[in-house]
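Undergrad: using only what follows, build the 3D model:
(chains A, B, C, D, E and F)
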4 protein chains.
Amino acid sequence: MRSEIGREGQHERSFIEKARRAQIIESAVAVISEAGYAKASLARIAQHAGISKGVISYHFDGKHELMEQVVEQTYTAVAENVVRRVLSASTAREMVRTHIMAVAEFMRARPAHLRALGEIFVNLRNDDGSLRYGVAASEPIYRGLEDLFRGGQADGEFRDFDPRVMAVSLQASIDSMFGYWAAYPEHDPEAHARELADIFDHATRAEPRTDESAAPQ
Amino acid sequence: MRSEIGREGQHERSFIEKARRAQIIESAVAVISEAGYAKASLARIAQHAGISKGVISYHFDGKHELMEQVVEQTYTAVAENVVRRVLSASTAREMVRTHIMAVAEFMRARPAHLRALGEIFVNLRNDDGSLRYGVAASEPIYRGLEDLFRGGQADGEFRDFDPRVMAVSLQASIDSMFGYWAAYPEHDPEAHARELADIFDHATRAEPRTDESAAPQ
Amino acid sequence: MRSEIGREGQHERSFIEKARRAQIIESAVAVISEAGYAKASLARIAQHAGISKGVISYHFDGKHELMEQVVEQTYTAVAENVVRRVLSASTAREMVRTHIMAVAEFMRARPAHLRALGEIFVNLRNDDGSLRYGVAASEPIYRGLEDLFRGGQADGEFRDFDPRVMAVSLQASIDSMFGYWAAYPEHDPEAHARELADIFDHATRAEPRTDESAAPQ
Amino acid sequence: MRSEIGREGQHERSFIEKARRAQIIESAVAVISEAGYAKASLARIAQHAGISKGVISYHFDGKHELMEQVVEQTYTAVAENVVRRVLSASTAREMVRTHIMAVAEFMRARPAHLRALGEIFVNLRNDDGSLRYGVAASEPIYRGLEDLFRGGQADGEFRDFDPRVMAVSLQASIDSMFGYWAAYPEHDPEAHARELADIFDHATRAEPRTDESAAPQ
DNA sequence: GATGAATGAGTCTTCATTCAT
DNA sequence: CATGAATGAAGACTCATTCAT
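TA: Numbering: from 1, shown residues only, chains lettered A, B, ... in the order given. This next block holds a predicted model:
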């Protein structure tokens, strides 16, 4: 009901409304994560929540807003969790490793949320057909990682590389860790995360010596 | 159709049929890449091809098969291209670099195909709701990279790491390179590819010395 | 509600209730006149009144009754106004002219009410699908005009014509005056009213002479 | 299907399509005229035509286009019929009378069409909420009548009056004739038409003499 | 081989109404 | 008295599929 952000002039939500919205969002997450975005109709989400279709329309401006809320909620949760832990690390090197491990942990705790997030990212579109959350939605993450990398380079912890490409690649590798685990549930995500941390540790660290270590060709 | 003659295997398709199928596949690629999977209805694909909707149903068993054919065709093209070039390299290290560069090249040559491939990968589902091409579809790639890595490790070119995790991460990083370029067309994909090659060069190569180089924690 | 007390007639409504009903009716008028009948949902009316939807249901038996009340209120106001002024005229000829001018005046004073009235007239239907207010709703007006015309004919002021057809045509012309003004706000309604009075003055008055003035054919 | 006017570059309709469109339009007319615009859902129209809902969407771009087609078809039929007959009259006075009689005739022949026309006129709205056919849609009629009146004034057949107001009033009176007949089916529309012709004959004709004929006040 | 036509299930959304608080 | 919440039916529209020609 009504709109959400920029609450100009109205309406802190009642307790019961917040509860309903939360319930519907959870159902949306569950349905999307199980059946995929395309099959996640309002009917199905309502059915999963045990409510009537109209309730969703009552509490959300439309499917679009519901999806955005799913993203916002999940995203916020991930960010808080991860950022807090990353900031507790002292060196850039440790920060990268912590970032990877923290995301992996969150992923183990809430696989459905992450899956739903992924589905919405690649599917939700604006009216003009453009992706609502494209790569651009990851900008904040890229930016944060870039800063981190630049800091490490300034400190001499990291070698000289393009921080943006490193950020994009790291983020993609983390995402794939989740996807891989989803496909192979017997796979050990923690071990994967540790390996991944090693990979980017080697990829970023300053050259141990002044050898002829640059890439050939 | 697809059943009357020589039903034990495939009947060989007539010239005209092959042409029609190719034409339809190309239109599917174009529409998916422009409008996204969800908006890629048969009607739109037919319109783009300048034919009637019925023709698609005539030449393909259904939308599902059409999508599978799009994947198969594109996939085959990528694989041939990349594999041939990778095999021309002599060391494992060079092979990895060549792999990255070859994919990047293909991607620049056929962005629509890659985009369509991505859309189908994350959207096409079996009747039971499971993803038709999940991570599992990348198994052949993973397998190939694994072998490559293992070879390099045996040769002493590469350090000791989990080849599967490395394969998954590399593949994801390559995919993200494409996605990033799609979102930021002014971004230089070749430079990105070179950076990426450097990243995985550092990530895989044998330790230059017997330092205290392992990651902490 | 509307039933507990004094159920044999109407219970007299409390002050607050009358105020609420008036407020809701005004909002209904405003919304109908701005957005049209089809878009005048209870939700919109409630929103315009700054109250909750339930209130309307509480004070009115349903949308149907609300609409009827809008008609009744407006209709009463028009009738009182016009009738009083018409009766102050002394000849039938002046009465017709006064009738036209009085309606025009009311129309300028309350355009929204007239517009809403019109919308409800052509839209509100009984459960069986028949128009709630069809032409039949204008019977009182027709009747009044008929009497007026007949009086004028008896006095020799008016020529011999069918008073019912004249009444229907006059009323329609008056209504159209309003509609035309609504469509062309720069149009001068008072001039229009004067012209219209002239038209029906010529149409009704007794033949100036005993010419061969009857219509041909 | 596809769009209609401005047939740039495509598509004369097949025989069968024309037939279907005609059939659907007739059903729309019937349903609107019987149940009213608000109840004339695509479902009902389809049911009346004995076809599935989707057929309508297939042959028309949407409900909006269907409604416009109903108007266009009916309008064209009326116009042709009436204009042809009016032009056969020789004096302005006769033309006015013929106009009235011709519309009355058409109205008797196709009451449902006229009723549907009326319903759509006052109900169909553009996306922005404005009436698709407001008074403005009658402009061509007004214009034609105006010319006619001006001609008569120039010839000395008609007295001096505002042709626009006369046109609006005449048209409204004609419309009301139809509405009245619809409400009172036992009413004789031909007699009504004759009376109406008399009314406007008196209203328009030149003053027989130089009496004291101007309106009082 | 190809087409246009038709179907019917499924999509989101709107809405008048009811009800517990 | 008033509210927010919920319902369930009905709305227009989309789409993959089927079929006669």
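
Undergrad: can you get me a residue count around residue A:185?
TA: 8 (other C-beta atoms under 10 Å in any protein chain shown). Yep, even glycine has a C-beta here, placed from its N, CA and C like the rest.

Undergrad: just say helix, strand or coil for it.
TA: Using DSSP: H, G, I helix; E, B strand; the rest coil, the structure places residue A:185 in coil.

Undergrad: which phi and psi does it have?
TA: For residue A:185, the backbone dihedrals (degrees, to the nearest 10) come out as phi -60, psi -20.

Undergrad: and it, what does it touch?
TA: With contacts taken as C-beta atoms under 8 Å, 6 or more residues apart in numbering or on different chains, residue A:185 has no neighbouring residues.

Undergrad: okay, it: pLDDT?
TA: We have a pLDDT of 86 for residue A:185.

Undergrad: do any residues in the helix or strand of chain A with the lowest mean pLDDT lie close to DNA strand E?
TA: Ranked by mean pLDDT, DSSP states H and E, the weakest helix or strand in chain A is helix A:111-123, scoring a mean of 88. No: figure legend: helix A:111-123 not in contact with DNA strand E (C-beta under 7 Å from any atom of the strand); closest approach 11.6 Å.

Undergrad: contacting residues around residue A:159?
TA: Here residue A:159 is in contact with A:153, A:204, A:205, A:206, A:207, B:202 (criterion: C-beta under 8 Å, 6+ apart).

Undergrad: got the phi/psi numbers for the residue most central in space within chain A?
TA: Residue closest to the mean C-alpha point of chain A, counted by C-alpha atoms, centre = their mean, is residue A:75 at 5.7 Å. Main-chain dihedrals, residue A:75, degrees, to the nearest 10: phi -60, psi -50.

Undergrad: OK, contacts around it?
TA: Residues near residue A:75 by C-beta under 8 Å, 6+ apart: residue A:117.

Undergrad: equivalent analysis for residue A:112, please.
TA: When contacts are counted by C-beta under 8 Å, 6+ apart, residue A:112 touches A:29, A:30, A:33, A:34.

Undergrad: tell me the buried residues in the one helix or strand the third one maps to?
TA: It refers to residue A:33. Assigned by DSSP states H and E, residue A:33 belongs to helix A:15-35. By neighbour count on 16 or more other C-beta atoms under 10 Å in any protein chain shown, the buried set for helix A:15-35 is A:20-21, A:23-33, A:35.

Undergrad: try stretch A:122-142
TA: The neighbour-count check on stretch A:122-142 (16+ other C-beta under 10 Å) flags A:122-125, A:131-135, A:137-138, A:141-142 as buried.

Undergrad: what is the nearest of those to residue B:64?
TA: Using C-beta to C-beta, residue A:123 comes nearest to residue B:64 of the buried residues of stretch A:122-142, at 18.2 Å.

Undergrad: I'd like the distance between the closest one and residue A:36.
TA: Counting by C-beta to C-beta, to the nearest Å, the gap from residue A:123 to residue A:36 is 9 Å.

Undergrad: look up phi and psi at residue A:131.
TA: According to degrees, to the nearest 10, residue A:131 has phi -60, psi 130.

Undergrad: these two touch, right, it and residue A:124?
TA: Yes: using C-beta atoms under 8 Å, residue A:131 makes contact with residue A:124 at a distance of 7.2 Å.

Undergrad: can you get me a residue count around residue A:145?
TA: 23.

Undergrad: for it, list the residues it contacts.
TA: A:99, A:163, A:166, A:167, A:170, A:171.

Undergrad: now it: which helix or strand?
TA: Judged by DSSP H and E, residue A:145 forms part of helix A:139-155.

Undergrad: state the mean pLDDT of that helix.
TA: When pLDDT is averaged over helix A:139-155, the result is 95.

Undergrad: next, the buried residues of stretch A:50-58.
TA: For stretch A:50-58, a neighbour-count test (16+ other C-beta under 10 Å) marks A:51, A:55, A:56 as buried.

Undergrad: and the first one, that's in a strand?
TA: Think residue A:51. No: counting by three-state DSSP, residue A:51 falls outside a strand, being coil.

Undergrad: what pLDDT is listed against it?
TA: Predicted confidence (pLDDT) for residue A:51: 93.

Undergrad: I'd like to know how many residues surround residue A:88.
TA: 11.

Undergrad: kindly report the same for residue A:76.
TA: 10.

Undergrad: same question, residue A:188
TA: Neighbour tally, residue A:188, other C-beta under 10 Å: 11.

Undergrad: quick one: contacts for residue A:70?
TA: Residues near residue A:70 by C-beta under 8 Å, 6+ apart: A:25, A:28, A:29, A:32, A:116, A:117, A:120.

Undergrad: let's see that with 7 Å instead.
TA: A:25, A:28, A:29, A:116, A:120 (C-beta atoms under 7 Å, 6 or more residues apart in numbering or on different chains).

Undergrad: is the helix or strand hosting it positioned near DNA strand F?
TA: If you go by DSSP H and E, residue A:70 is part of helix A:63-87. No: if you take C-beta under 7 Å from any atom of the strand as the test, helix A:63-87 misses DNA strand F, and the best it gets is 11.7 Å.

Undergrad: following element in sequence after that helix, please.
TA: Taking DSSP H and E, what comes next after helix A:63-87 is helix A:92-109.

Undergrad: check contacts around the closest residue to residue A:53 other than its chain neighbours.
TA: Leaving aside its chain neighbours, residue A:53 sits nearest to residue A:46 (4.6 Å; criterion: C-beta to C-beta, 6 or more residues apart in numbering or on different chains). When contacts are counted by C-beta under 7 Å, 6+ apart, residue A:46 touches A:52, A:53, A:55, A:56.

Undergrad: okay, those residues in JSON lines with distance to DNA strand E next?
TA: Shown next, in JSON lines, are the contacts of residue A:46 (distance: C-beta to the nearest atom of the strand, whole Å):
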{"residue": "A:52", "distance to DNA strand E": "9"}
{"residue": "A:53", "distance to DNA strand E": "5"}
{"residue": "A:55", "distance to DNA strand E": "9"}
{"residue": "A:56", "distance to DNA strand E": "7"}
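
Undergrad: tell me the one of these nearest residue D:69?
TA: residue A:53 (33.0 Å).

Undergrad: what angle sits between the helix holding residue A:33 and helix A:111-123?
TA: Orientation check (axes from the mean of the first three to the mean of the last three C-alpha atoms, to 10 degrees): helix A:15-35 against helix A:111-123 gives 80 degrees.

Undergrad: with that, I have no additional questions.
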